[in-house]
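J.: could you look at this predicted model? Sequence included:
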Amino acid sequence: MLTSNKRVDQEEEQLETTLRPLNFAEYVGQEKVKNNLKILIEAAKKRGETIEHVLLFGSPGLGKTTLSHIIAREMGAGIKSTSGPAIERVADLGSIITNLNDGDILFVDEIHRLSKVVEEVLYPAMEDGVLDIIVGKGPSARTIQLELPKFTLIGATTRLGMLSAPLRNRFGVIYRLEFYSEDEIAQIVKRSSRILKAEIDEGGCREIARRSRHTPRIANRLLKRVRDLAQIREQKVIDRKIAREALDMLEIDELGLEPADRELLSIMIKKFAGGPVGVQTLAAAFSEEPQTIEEVYEPFLMKKGFLERTPRGRMVTRRAYEHLNLDYPETDKIFD
């Protein structure tokens with residue numbers, strides 16, 4: 001059974017990879033970031049140099065990893081992918097960097113989770129192209145400098161504020177990825193449906209786009225679940241009706257809120273009178289990590305106007321009460 005589940009997970013991961021755009025022409029949205037990257041890449045290629053180190057930040061699922069692979073492909077470079085938590089020791093970083101070739105790209109996801117020791121060793125590697133290694137211990141310890149191939153570091157993070165200033169300042173360019181519009185998500189759904197060989201009409205496409213939290217990764221996930229129901233019902237074309245039925249079964253409402261979103265808002269209203277409430281207290285009541293609330297739930301709920309941050313804590317807005325069919329308190333809430 002475990003082997004079967006593992007095979008399914010691998011197939012899902014492989015399918016997710018095939019849905020990723022391969023170049024800027026296929027990549028929908030983030031127009032400002034794309035245009036700036038095109039200039040950066042073209043100029044570097046004309047000079048025969050590697051591009052400057054790039055930092056991408058934004059909510060999960062907006063395309064940071066995809067953009068990194070497109071940059072590597074446009075530069076004609078190899079790419080090595082890893083993550084901040086995976087680089088536990090300096091030796092791990094050294095092993096990765098010394099195995100790069102000239103012009104290669106090192107992509108580090110969740111770069112804000114690098115340890116301090118690893119981060120400090122990364123500074124000279126980014127600036128001077130050298131790796132400082134300490135050999136021995138105590139009074140006899142000495143430092144050896146290894147020359148590194150010319151490489152570009154692309155860091156991705158959902159928490160820009162958690163990056164130290166010295167690390168952040170060593171990136172030549174920093175781009176923020178924004179949430180996508182409904183029209184952009186609809187284009188992504190159409191492209192993905194062609195790859196999945198799942199015929200979809202405009203109504204079905206719009207229904208999925210509307211409930212996808214303005215996030216491509218979620219849109220692709222919902223499309224696959226809608227496709228499953230259409231296949232079971234032997235419906236050749238995914239229309240608005242079948243899409244709505246599938247998404248209702250997943251308990252995703254018309255604005256894209258999932259059960260966990262509604263539960264979070266309900267807890268704030270019923271246990272904390274709508275706020276203000278601190279994220280640590282809210283995390284304990286919600287049985288979730290504060291980081292998850294800040295990275296996964298808050299950005300979307302704030303974008304939809306259901307949640308506000310104040311100096312005293314998080315507060316639920318009138319719109320959230322109305323969406324949950326709850327009476328908004330008559331007493332005015334004070335926002336400092």
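T.: Done, it's in.

J.: need the strands for the chain, in chain order.
T.: 54-57, 79-83, 105-109, 130-135, 142-147, 152-157, 173-176, 307-310, 313-316 (DSSP state E).

J.: give me the angle between the second one and strand 152-157.
T.: Think strand 79-83. For strand 79-83 against strand 152-157, the angle between stretch directions is 30 degrees (axes from the mean of the first three to the mean of the last three CA atoms, to 10 degrees).

J.: strand 79-83: how far from the chain's middle?
T.: Taking CA atoms, centre = their mean, to the nearest Å, one finds strand 79-83 lying 15 Å from the centre of the chain it belongs to.

J.: please name every helix or strand in contact with it.
T.: Other helices and strands packing on strand 79-83, by 3 or more CB pairs under 8 Å, 6 or more residues apart in numbering; DSSP states H and E, are helix 64-75, strand 105-109. Any C-beta I mention is one placed from the backbone N, CA and C, and that applies to glycine too.

J.: burial-wise, tell me which of the ones you listed comes out on top.
T.: Neighbour counts averaged per stretch over the helices and strands packed on strand 79-83 are highest for strand 105-109, at a mean of 23; criterion: mean count of other CB atoms under 10 Å.

J.: note down every partner strand of it and its orientation.
T.: The partner list of strand 105-109 in its sheet, established with DSSP bridges, is strand 79-83 (parallel), strand 152-157 (parallel).

J.: and the most centrally placed residue in the chain, what does it touch?
T.: Centroid-nearest residue in the chain, with CA atoms, centre = their mean: P60, separated by 2.3 Å. Going by CB atoms under 8 Å, 6 or more residues apart in numbering, P60 touches 158, 215, 217, 295-296.

J.: with neighbour count added, can I get those residues in a markdown table?
T.: Converted to a markdown table, these look like this (neighbours: other CB atoms under 10 Å):
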| residue | neighbour count |
| --- | --- |
| T158 | 21 |
| T215 | 23 |
| R217 | 20 |
| E295 | 15 |
| V296 | 19 |
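
J.: of all these, which two lie farthest apart?
T.: Of all pairs drawn from those, the widest gap by CB to CB lies between R217 and E295 and measures 13.6 Å.

J.: how about F57: what's its closest non-neighbour residue?
T.: What sits nearest to F57 in space, not counting adjacent residues and going by CB to CB, 6 or more residues apart in numbering, is L160, at 4.4 Å.

J.: quick one: the one you found from G29, how far?
T.: Using CB to CB, to the nearest Å, one obtains 20 Å as the distance from L160 to G29.

J.: looking at the two, which has the bigger crowd around it?
T.: With neighbours defined as other CB atoms under 10 Å, L160 and G29 compare such that G29 has more, 20 against 14.

J.: check the spacing between V54 and S68 real quick.
T.: The gap separating V54 from S68 is 8 Å, by CB to CB.

J.: joint contacts of the two?
T.: Common neighbours of V54 and S68, counting by CB under 8 Å, 6+ apart, are I154.
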